[in-house]
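Colleague: sequence first, predicted model second:
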Amino acid sequence: MEVVKEEPDVKLECEVSEEMFVTDGIIQDTGTLSADVEEFGCLKCNKLFNCKKQLAQHKVVHLGVKKFSCDECDKQFIRNSDLTKHLLIHSGVRNFKCDECGKQFIRNVDLNKHLLIHSGVKKFKCDECGKLFVEKGNLTRHVLIHFGVKKFKCDECGKQFSRNYDLTKHLLIHSGVKKFKCDECGKLFGTKYYLMQHLLIHSGERKFKCSECDKQFKCKSHLNQHQLTHSGVKKFKCDECNKQFSQKCRLNQHLLLHSGVKKFKCDKCDKQFADKSNLNQHLLIHSGVKKFKCDECDKLFSQKSHLTRHMDIHLGKKKFMCDMCGKLFNEKGNFTQHLIIHSGVKKFKCDECGKLFSEKGNLARHLLTHSGVKKFKCDECDKHFSQKSNLNQHLRRYHIGNSFAEEVTVAIQNVQVG
């Protein structure tokens with residue numbers, strides 16, 4: 001093993017306690033002393049020291065006794081030196097500044113660790129997933145994820161975490177405190193990490209690409225969630241209707257439908273939605289912007305999902321069949337609406353004449369007859385109609401049929417003359 005000469009007063013870290021110790025002498029790359037220096041070993045973690053005093057200080061870590069308490073936050077420590085370092089946090093003094101990004105630190109050792117991030121060197125690799133880390137401590141905490149050990153539990157919602165750090169971040173959600181604000185849209189976040197991820201949305205950059213469908217995402221976490229849809233695994237099941245989902249967030253959104261709660265209201269038409277994302281999609285209709293174009297017929301749509309459903313018409317896909325009358329539909333929404341007709345239920349009533357309708361859309365079209373507005377004009381006779389369906393009926397009954405009869409009569413006359 002390679003032996004490296006170190007300068008005096010080199011700080012070493014105990015692999016068990018992650019505490020830092022000062023040593024003199026020749027240090028091996030494993031962190032233990034070389035054979036030409038007298039060794040004092042810890043029986044708990046096999047850590048080696050070059051003097052009894054350092055070993056004695058280190059042994060206190062394994063005793064677990066924390067007799068030094070912080071008057072500010074009641075946090076307890078094994079050694080007085082650790083308490084002294086901790087008190088610097090409450091002082092708010094950050095004398096050590098990173099020249100790369102301007103971030104400031106309370107201790108020089110924290111600054112040195114931070115500088116490793118800018119170096120780009122990640123020499124600690126996870127054997128399970130191959131992920132690389134700058135610090136060994138980060139790798140150690142990461143490995144807990146693969147073991148499935150989640151010993152840190154949230155008392156508010158019961159959610160469990162493998163790291164205390166993650167639990168601490170999670171608790172900010174319940175606290176309601178959101179001190180990190182986006183300068184672009186004013187949205188507030190409980191942690192700086194969530195703010196940084198949110199800022200990627202405003203940048204417009206989508207650097208995370210799905211290898212399955214080429215869809216791109218602004219955040220890696222969004223890509224990871226999306227890739228679950230390709231796996232085919234749907235382990236989240238709705239207890240109400242047994243529908244299954246690949247992502248828990250999709251299940252949570254779906255459950256709002258069963259709750260009947262629709263707290264997101266459209267300012268344009270008063271339509272209400274259970275989920276904010278559905279409201280945002282709906283607002284595109286009112287914006288008038290239609291950027292999704294059908295290559296077959298040039299029809300434009302405000303949402304990509306509407307274009308996708310429309311394409312089924314050109315492909316001849318009609319996978320929803322009515323058992324009552326055999327009629328086929330290419331969209332589930334239209335099929336569901338059609339079934340209401342057979343149910344006989346008519347819960348939409350016209351306040352003008354009392355007529356009942358099975359669908360709200362039919363009532364809306366009917367109300368046009370009372371409004372007196374007739375915007376659909378017949379090009380043959382200039383007659384006006386309040387509904388396009390009435391115009392179509394008129395054309396079939398009077399103009400299309402008559403023109404066909406006239407053509408037949410002319411053809412017969414021509415034959416007789418000949």
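Modeller: Ah, there it is.
Colleague: stretch 103-123: how far from the chain's middle?
Modeller: Distance, stretch centre to chain centre, for stretch 103-123: 30 Å (C-alpha atoms, centre = their mean, to the nearest Å).
Colleague: compute the first-to-last residue distance for that stretch.
Modeller: End-to-end distance for stretch 103-123, by C-alpha to C-alpha, to the nearest Å: 23 Å.
Colleague: same deal with stretch 140-159?
Modeller: Taking C-alpha to C-alpha, stretch 140-159 runs 22 Å from one end to the other.
Colleague: quick one: buried residues of it?
Modeller: 141, 142, 143, 144, 145, 152 (16 or more other C-beta atoms under 10 Å). All C-beta atoms are positioned from the backbone trio N, CA, C, and that covers glycine.
Colleague: for the helix or strand that contains the third one, name the packing helices and strands.
Modeller: Taking DSSP states H and E as the definition, one finds residue 143 inside helix 136-147. Secondary structure elements in contact with helix 136-147, counted by 3 or more C-beta pairs under 8 Å, 6 or more residues apart in numbering; DSSP states H and E, are strand 124-125.
Colleague: list the pairing partners of whichever helix or strand comes after the strand it packs on within its sheet, with orientation.
Modeller: Scanning forward in sequence from strand 124-125 by DSSP H and E, the next helix or strand is strand 132-133. Strand 132-133 pairs in its sheet with strand 124-125 (antiparallel), by DSSP bridges.
Colleague: the stretch 51-200 of the chain: helices as residue ranges?
Modeller: 52-63, 80-91, 108-119, 136-147, 164-175, 192-203 (DSSP state H, counting those that start in this stretch).
Colleague: show me the shaky parts of the stretch 251-400 of the chain.
Modeller: For the stretch 251-400 of the chain, applying pLDDT under 70 flags no range at all.
Colleague: please enumerate the helices of it.
Modeller: Counting by DSSP H, counting those that start in this stretch, the helices of the stretch 251-400 of the chain are 276-287, 304-315, 332-343, 360-371, 388-394.
Colleague: how about TSV for the ones you listed, with distance to residue 253 and mean neighbour count added?
Modeller: As requested, those are exported to TSV (distance: least, C-beta to C-beta, whole Å; neighbours: other C-beta atoms under 10 Å):
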stretch	distance to residue 253	mean neighbour count
helix 276-287	7	14
helix 304-315	15	14
helix 332-343	17	13
helix 360-371	24	14
helix 388-394	35	14
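Colleague: could you dump those into JSON lines with distance to residue 251 added?
Modeller: As requested, these are exported to JSON lines (distance: least, C-beta to C-beta, whole Å):
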{"stretch": "helix 276-287", "distance to residue 251": "14"}
{"stretch": "helix 304-315", "distance to residue 251": "19"}
{"stretch": "helix 332-343", "distance to residue 251": "19"}
{"stretch": "helix 360-371", "distance to residue 251": "28"}
{"stretch": "helix 388-394", "distance to residue 251": "40"}
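Colleague: ok, which of the ones you listed comes nearest residue 229?
Modeller: Of all these, it is helix 304-315 that lies closest to residue 229, at 14.3 Å by C-beta to C-beta.
Colleague: what comes into contact with the closest one?
Modeller: 281, 292, 293, 294, 296, 297, 299, 301, 318, 330, 331 (C-beta atoms under 8 Å, 6 or more residues apart in numbering).
Colleague: pull the number of nearby residues for the fifth one.
Modeller: Neighbourhood size, residue 296 [other C-beta atoms under 10 Å]: 11.
Colleague: quick one: the closest residue to it other than its chain neighbours from residue 384, how far?
Modeller: Nearest non-adjacent residue to residue 296, counting by C-beta to C-beta, 6 or more residues apart in numbering: residue 314, 4.6 Å away. Distance from residue 314 to residue 384, counting by C-beta to C-beta, to the nearest Å: 33 Å.
Colleague: contact partners for residue 340?
Modeller: 358, 359.
Colleague: okay, now residue 246: neighbour count?
Modeller: 18.
Colleague: does it touch residue 226 like I think?
Modeller: No: Residue 246 lies out of contact with residue 226 (C-beta atoms under 8 Å); the separation is 9.4 Å.
Colleague: ok, now how distant is residue 319 from residue 301?
Modeller: 20 Å.
Colleague: those two - which one has more neighbours?
Modeller: residue 301 (18 against 11).
Colleague: thought the more buried one was touching residue 288?
Modeller: No: taking contacts as C-beta under 8 Å, residue 301 lies outside contact range of residue 288: 12.0 Å.
Colleague: for the residue nearest to the spatial centre of the chain, give me phi and psi.
Modeller: Among the residues of the chain, the one closest to the centroid is residue 222, at 5.3 Å (C-alpha atoms, centre = their mean). Here is the backbone geometry of residue 222 (degrees, to the nearest 10): phi -70, psi -40.
Colleague: how about it, what does it touch?
Modeller: residue 208.
Colleague: how much space is there between it and residue 194?
Modeller: 13 Å.
Colleague: I'd like to know which of the helices of the stretch 251-400 of the chain lies nearest to residue 263.
Modeller: Of these, nearest to residue 263 by C-beta to C-beta is helix 276-287, at 8.8 Å.
Colleague: could you tell me the angle between the closest one and helix 304-315?
Modeller: If you take axes from the mean of the first three to the mean of the last three C-alpha atoms, to 10 degrees, helix 276-287 sits at 70 degrees to helix 304-315.
Colleague: hang on, the earlier thing: could you work out the most separated pair of the contacts of helix 304-315?
Modeller: 281 and 318 (24.6 Å).
Colleague: extract the C-alpha trace of stretch 284-293 and format it as PDB.
Modeller: This file holds the C-alpha atoms of stretch 284-293, laid out as PDB (Å, rounded to 0.1, in the frame of the first residue of the first chain):
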ATOM      1  CA  LEU A 284     -55.200  26.600 -22.000                       C
ATOM      2  CA  ILE A 285     -58.700  26.300 -23.600                       C
ATOM      3  CA  HIS A 286     -59.600  29.900 -22.600                       C
ATOM      4  CA  SER A 287     -56.200  31.200 -23.700                       C
ATOM      5  CA  GLY A 288     -57.000  30.400 -27.300                       C
ATOM      6  CA  VAL A 289     -53.500  29.100 -27.900                       C
ATOM      7  CA  LYS A 290     -53.500  25.900 -29.900                       C
ATOM      8  CA  LYS A 291     -50.000  24.800 -30.600                       C
ATOM      9  CA  PHE A 292     -50.600  21.100 -31.200                       C
ATOM     10  CA  LYS A 293     -51.500  20.400 -34.800                       C
END
